[in-house]
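Novice: this one's structure only:
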């Protein structure tokens with residue numbers, strides 16, 4: 001599971017898994033989690049705006 005996480009994070013940051021392992025893995029993981037959280041919040045807030053628009057009509 002750990003190797004799969006490294007591969008996903010490396011793909012997200014467009015870098016090699018070896019570079020992440022040689023660097024600060026926890027920093028990359030933290031930044032990845034923040035980015036995913038922002039994407040989820042953005043998509044749910046857009047959905048809520050659309051629903052409230054339909055409620056307005």
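Specialist: Noted; the coordinates are in hand. Since the structure is predicted, the reported quantities are computational estimates derived from the model, not experimental observations.

Novice: roughly how far does residue 22 sit from residue 15?
Specialist: As judged by CB to CB, to the nearest Å, residue 22 and residue 15 stand 11 Å apart. (Glycine included, C-beta is placed from N, CA and C.)

Novice: OK, contacts around residue 32?
Specialist: Contacts for residue 32 (CB atoms under 8 Å, 6 or more residues apart in numbering) come out as 8-9, 12-13.

Novice: quick check: the most centrally placed residue in the chain vs residue 9, distance?
Specialist: To find the centre residue of the chain, average its C-alpha atoms and take the closest one (CA atoms, centre = their mean): that gives residue 36, at 2.1 Å. When distances are taken as CB to CB, residue 36 and residue 9 turn out to be 10 Å apart.

Novice: got the contact list for the residue nearest to residue 7 when sequence neighbours are not counted?
Specialist: With CB to CB, 6 or more residues apart in numbering as the measure, residue 17 is the residue that lies nearest to residue 7, at 5.7 Å, once sequence neighbours are left out. The contact partners of residue 17, by CB under 8 Å, 6+ apart, come to 3, 6-7, 10.

Novice: and the pLDDT at residue 17?
Specialist: The confidence metric pLDDT takes the value 87 at residue 17.

Novice: again with the one 10 residues further on
Specialist: In the predicted model, residue 27 carries a pLDDT score of 88.

Novice: residue 2 too?
Specialist: Confidence per residue is given as pLDDT, and for residue 2 that number is 63.

Novice: what does the one 5 residues further on give?
Specialist: Listed pLDDT for residue 7 reads 86.

Novice: likewise for residue 12?
Specialist: In the prediction, the pLDDT value recorded for residue 12 is 86.
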